[in-house]
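Visitor: sequence plus the predicted model coming up.
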Amino acid sequence: MIAKYPEFLNHIIILALFFGMQLVQSQPVEAAHFTTPVHYISIEFDLRANSLSANSRIELPAGFPITLSLSHLNISRILVNGQQPETGDVISFLEVPPSSTDQEILITYSKDIPPGSTSYSMISESGIALADNWYPETGQEMFFKLTAHIPQAFEAISEADEIVSFLKDDKKQITFLFPHPLFSINFIAGPYIVTEETFGEEKTLIAYFFPEDQELAADYLAKAKKYLTRYEEMLGAYPYQRFSIVENKLPTGFAMPTFTLLGQSVVRLPFIVDTSLGHEVLHAWFGNGVRMSPQEGNWVEGLTTYLADHSFAADEGRDATYRKEQLVKYQSFVRPDMNLILREFNNVGHEDIRGQPIRAVGYNKSAMFFHMLRNKVGPEVFSASLRDFFKRLKFKTAGWSDLQTSFENISGTEMEDFFTQWLDRNDIPVLSVQQIEITNKEGYPVIHFSIDQQNDAPYILDVPIVIINGVEEIHKTLFLSEQRTDFEIPLTTVPHTLVIDPEYDLMRLLTPSELPATWSQFLGAADKLAILPSEAHHDLYSSLLEQLGESEVPILAQDEVSDKDLADNSLLFLGTEGSLSRSLFARQDHPADGFTLDVRRNPLNPSQVAVLVSASNSNEVEMAARKLRHYGKYSYLTFKKGTIQDKSISATEQGMRIELVTLPVGIETSKSRMFDDILATLSQYQVIYIGENHTSYEDHQLQLEIIRAMYEHDSRLAIGMEMFTRSSQPTLDRYMSGELDEKFFLKESGYFKTWRFDYRLYRDIINFAKYNHLPIIALNLERDIVNQVFRGGGPNSLADEDASLLPLDRKLDQPGYRERIERAYMMHAGQEQNGDFSGFLQAQALWDETMAETIVEYLKAYPEERMVIIAGRGHVNKRNAIPPRVARRLPVSQAVVVNSIGSTIEPESADFAFFSPPAELSPFPVLGVMLDETEDQEGVLVTALNPQGQALTAGIKEKDIILAIDSEPVNDIEDVKIEMLYKEKNESVTVRVRRPAFLVGVKELDIAVPLKSAEMLTR
Ligand SMILES: [Zn+2]
């Protein structure tokens, strides 16, 4: 039986299985033939005909039965103990029952191996490789004695401690001697140049390379020698007499006893000597030297990955990064409902995309297991335990339980719990930090927190943490065995940051901020969707779609995709020019040539990813698609003609980071500048944003003063305002030209319906513009549209007419944007919500994108002008609000100004901060009533009265309908607000009300109400 399983780069290890015969190595094969079958093979080749012919003689000891598989061979003769067995025409199996005496089986056979008929074997003039189905095979272990006849110019290799060859006629006869039984044997020959070295205690290291790759041999020998020495020191002497590195015309990567067989295409890859070669060398100890027990699952790959691949990364100081990659891979593919446990891992082909979750357990989780084991017992005990394991079980099969025994014996501690929790559970620890508090005790800070395990049952864990303050890093290891564990750590300085597992020493679920969006995450996602912008894209991406079909990804046209689909799935956009991908990520500037794959977080659902793919033609797609499975850990990839040009993994946090104390930022007052001085600088920018807290009058005064100064510097100036929607632009223009009076303008523009804040906050700015003939540009999108997007969870429910008003390009994944919007959403979380977060985010982005688009349209029409933008402080955020969205559309110089009052100003959010003196408007005059619209057109309904208000004192009652204020009719709340705008505090107004009257039906009354003012208008 051949156990073959491919590894990275089609590399396959054959774990030749050989059971526990304890033989002295120099003992001749024949001496043991009475307890183990011996298989003599003599083989010849016809290279031109791609065929072999051979004789097998099997000596079967008394009491042994045997079953030989013959179906793949052309059998010309079979003799069992000199007799021809009774068989049909087609012989698939030969079964020989046990006998009381030794038996002899003779088989003569041939086999044709046409080129390309199998990926493991070939016979041709350029070389021979026999790695599957080339002799009568059996499931039993036996000694092999192979003799081959090959051209004189060829060299050959097989499992052997000794190789004897001599020339006979025009051929070379070569015999292989190996003192250990095998389940199977392999044979390779070709026009090799053989280079030899020695290592260890008189052992031989040999390179069999093709002449054309001869210059690679020296490096392979040197590196292999380094690995052999490294593992002899770590684990004990190399278990065989020879180690050969053999180049193969077929694209293999096998580790057999005594040699490794590497495909020519693999050998030429520059990184193989530094990665895979060491891994293959190590399989001489684990995999071949100690074989895995078929009953106990595969511990070999995890241990080999840890001692080879991981330790090579550690040599370069990349071990934490390497471990994080293992965790990312695991998390991309494995979910608890798959019920995969490490102890049950067995081999699965690397070609099989559906085997990814299984390999993530068998390689990645397994390597992490050995890392945690090493941390638990310490490096000395770890190495000593492995030496003990190798010594006890060399040339035998072994399982996890044998590893456990060695570690328990050497460490002197019981390890049942440790092995069981990592080998037999289908989950991994999910940690979270809760109830963080910093108190002071006797003048020094104390940090309190608890670590929760969000698992059904808690793990027993040693959790490394680090506490960072401005001066030092304090490292500690915390012990967890409960669902929740509380900690209290006294400190000497205020801690800034707490990091849990900063070096990725634990097998655990990564938090969203640690997890980069990667291609493997899309492949492993349970809910995923591929989206085509048009039918034409189907042809362009057909080779990629074929692969996706294999992993059962649904493929939809973009108009079949709902808002909910977008928010629920990991997304693959095949082509970046479709309106759907542009509504989430705006237009992309991928390279025009080649193939690009660009993975982001799905902005509507950060537990999912979104992949943007673009390609210049279908050839590029096909060539790149073949390579993609090797690049699962990346976030961004560019290929040209199938060759990688650019690859990167998006930056994520290192460890679970919790920011503890944010100290305020400040400026040196000696560096502060006078208003005029700043304005001289500001005037050089084309777009100046002045952020506001809408109700802070000092912010509006600052806006006015800056506008005034800028106008004086250069009158080519326009003012863009968040407060007006784009549809109100004609009304705004008519007011600015003097055609409308203020009252009419306010009513017609819907100011109090859409904006609602006290108009006096903006009046001076608008009037300054009006009298100086500066245009005011209404920036915003209609509120109804935005509300509907919020409620509907996205823009899909909009009528075509409304949808046409949306900017096509919206970038929802502007860095930091989602986090900021999420904080705003959470602040409103207690209140009544009429949409979920994905709708909220879509709606918020519509504000910023629409305003940016309007600004750009104006500047494109009037490139000589500058603009001052008046908008809420959130909208002017330099990092992720309007400014980057303007910059994306038009290269203009921009500056952001804010007033300092209130929140911290981070340098990345604004350019200039002013320190304005506080200012307040006189309070707005109010009646002291709560109003609602009436069902008929006339008047507004009083729904409640302020108990301290003037209206109540004056005699207005609940359910009164207010018809007019000072003879001006009012028909909605807006009218009331407009009328009140012109009243002074302490004035008295006459309110006409209609009141239901006893018997008479209704009556109308005029009531004089002395005014009282309030901070806010009642609504
Ligand atoms: Zn391996």
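Guide: Right, received. Where do you want to start? Numbers count the residues shown, from 1 in each chain.

Visitor: for the residue in the stretch 551-700 of the chain that the ion sits nearest to, helix, strand, or coil?
Guide: Proximity of the stretch 551-700 of the chain to the ion (CB to the ion) peaks at residue 630, 16.2 Å away. (Glycine included, C-beta is placed from N, CA and C.) Assigned with DSSP: H, G, I helix; E, B strand; the rest coil, residue 630 falls in the helix class.

Visitor: which of the helices or strands spans residue 849?
Guide: helix 837-861 (DSSP states H and E).

Visitor: and the residue of the stretch 401-550 of the chain found nearest the ion, helix, strand or coil?
Guide: Across the stretch 401-550 of the chain, no residue is closer to the ion than residue 403, which sits at 16.6 Å (CB to the ion). Taken by three-state DSSP, the conformation at residue 403 corresponds to helix.

Visitor: what about it, neighbour count?
Guide: Residue 403: 23 surrounding residues under other CB atoms under 10 Å.

Visitor: residue 202 too?
Guide: As a burial measure, residue 202 scores 7 neighbours (other CB under 10 Å).

Visitor: how far away is it from residue 238?
Guide: 11 Å (CB to CB, to the nearest Å).

Visitor: repeat for residue 500
Guide: 41 Å.

Visitor: residue 54 too?
Guide: For residue 54 relative to residue 238 (CB to CB), the value is 31 Å.

Visitor: so what's residue 193 up against?
Guide: By CB atoms under 8 Å, 6 or more residues apart in numbering, the contact set of residue 193 is 208, 209, 210, 211, 214, 217.

Visitor: by neighbours, which of these wins?
Guide: residue 209 leads those on contacts (other CB under 10 Å) with 24 neighbours.

Visitor: what strand or helix carries the closest residue to that one other than its chain neighbours?
Guide: Spatially, and ignoring its direct neighbours in sequence, residue 209 is nearest to residue 217 (4.5 Å; CB to CB, 6 or more residues apart in numbering). Assessed by DSSP H and E, residue 217 sits inside helix 214-235.

Visitor: mean confidence (pLDDT) on that helix, please.
Guide: Across helix 214-235, the average pLDDT comes to 95.

Visitor: got it, and stretch 594-612?
Guide: Mean pLDDT, stretch 594-612: 94.

Visitor: repeat for stretch 488-503
Guide: Confidence for stretch 488-503, expressed as mean pLDDT, is 93.

Visitor: between the two ends of it, how far is it?
Guide: Using CA to CA, to the nearest Å, one end of stretch 488-503 lies 22 Å from the other.

Visitor: pull stretch 193-205 out as PDB, backbone CA atoms only.
Guide: The C-alpha trace of stretch 193-205 is given here as PDB (Å, rounded to 0.1, in the frame of the first residue of the first chain):
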ATOM      1  CA  ILE A 193      24.900  14.000 -13.000                       C
ATOM      2  CA  VAL A 194      25.700  12.600  -9.600                       C
ATOM      3  CA  THR A 195      27.400  14.700  -7.000                       C
ATOM      4  CA  GLU A 196      28.400  13.200  -3.600                       C
ATOM      5  CA  GLU A 197      29.200  14.500  -0.200                       C
ATOM      6  CA  THR A 198      29.400  13.000   3.300                       C
ATOM      7  CA  PHE A 199      27.600  14.000   6.500                       C
ATOM      8  CA  GLY A 200      27.300  12.700  10.000                       C
ATOM      9  CA  GLU A 201      29.000   9.400  10.800                       C
ATOM     10  CA  GLU A 202      30.200   8.300   7.400                       C
ATOM     11  CA  LYS A 203      26.900   8.800   5.700                       C
ATOM     12  CA  THR A 204      26.500   9.800   2.100                       C
ATOM     13  CA  LEU A 205      24.600  12.800   0.700                       C
END
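
Visitor: what residues of it count as buried?
Guide: Of the residues in stretch 193-205, 195, 197, 199, 203, 204, 205 count as buried by neighbour count, 16 or more other CB atoms under 10 Å.

Visitor: the ion: which of those residues is nearest?
Guide: Checking the buried residues of stretch 193-205 against the ion with CB to the ion, the nearest one is residue 205 at 19.9 Å.

Visitor: pLDDT wise, what is that closest one at?
Guide: Value for residue 205, per-residue pLDDT: 96.

Visitor: do the same with residue 90
Guide: 62.

Visitor: okay, now the unreliable bits of the stretch 201-350 of the chain?
Guide: Low-confidence segments of the stretch 201-350 of the chain, defined by pLDDT under 70: 348-350.

Visitor: quick one, strands of it?
Guide: In the stretch 201-350 of the chain, the strands defined using DSSP state E, counting those that start in this stretch lie at 203-209, 242-248, 253-256, 259-263, 291-292.

Visitor: wait, which of these is closest to the ion?
Guide: Nearest to the ion among these is strand 253-256; the distance by CB to the ion comes to 6.6 Å.

Visitor: list the buried ones in the closest one?
Guide: Buried residues in strand 253-256 (16+ other CB under 10 Å): 253, 254, 255, 256.

Visitor: again with stretch 290-309
Guide: If you call a residue buried by 16+ other CB under 10 Å, then stretch 290-309 has these buried ones: 290-293, 296-309.

Visitor: can you check stretch 759-767 too?
Guide: 759, 761, 762, 765, 766.

Visitor: helices - which of the residues you listed land there?
Guide: Taking DSSP state H, the ones among these that sit in helices are 761, 762, 765, 766.

Visitor: for the third one, what are its contacts?
Guide: When contacts are counted by CB under 8 Å, 6+ apart, residue 765 is found next to 700, 703, 704, 707, 719, 870.

Visitor: quick one: contacts of the helix or strand harbouring the last one?
Guide: This means residue 870. Using DSSP H and E, the element containing residue 870 is strand 866-872. Applying CB under 8 Å, 6+ apart, the set of residues contacting strand 866-872 from outside is 685-694, 703, 706-707, 710, 714, 716-723, 762, 765, 777, 779, 851, 855, 858-859, 876, 882.

Visitor: report the buried members of the residues you listed.
Guide: Taking 16+ other CB under 10 Å as the criterion, what is buried in the contacts of strand 866-872 is 685-694, 703, 706-707, 710, 717-723, 762, 765, 777, 779, 851, 855, 858-859, 876, 882.

Visitor: where does the residue nearest the centre of the chain land in three-state SS?
Guide: Geometric centre of the chain, nearest residue: residue 517, 2.5 Å, by CA atoms, centre = their mean. Secondary structure, three-state DSSP: residue 517 is coil.

Visitor: how near is it to residue 114?
Guide: 46 Å.

Visitor: end-to-end on stretch 547-554?
Guide: Stretch 547-554: ends 12 Å apart by CA to CA.

Visitor: and that stretch, how far from the chain's centre?
Guide: Centre-to-centre, stretch 547-554 and its host chain are 19 Å apart (CA atoms, centre = their mean, to the nearest Å).
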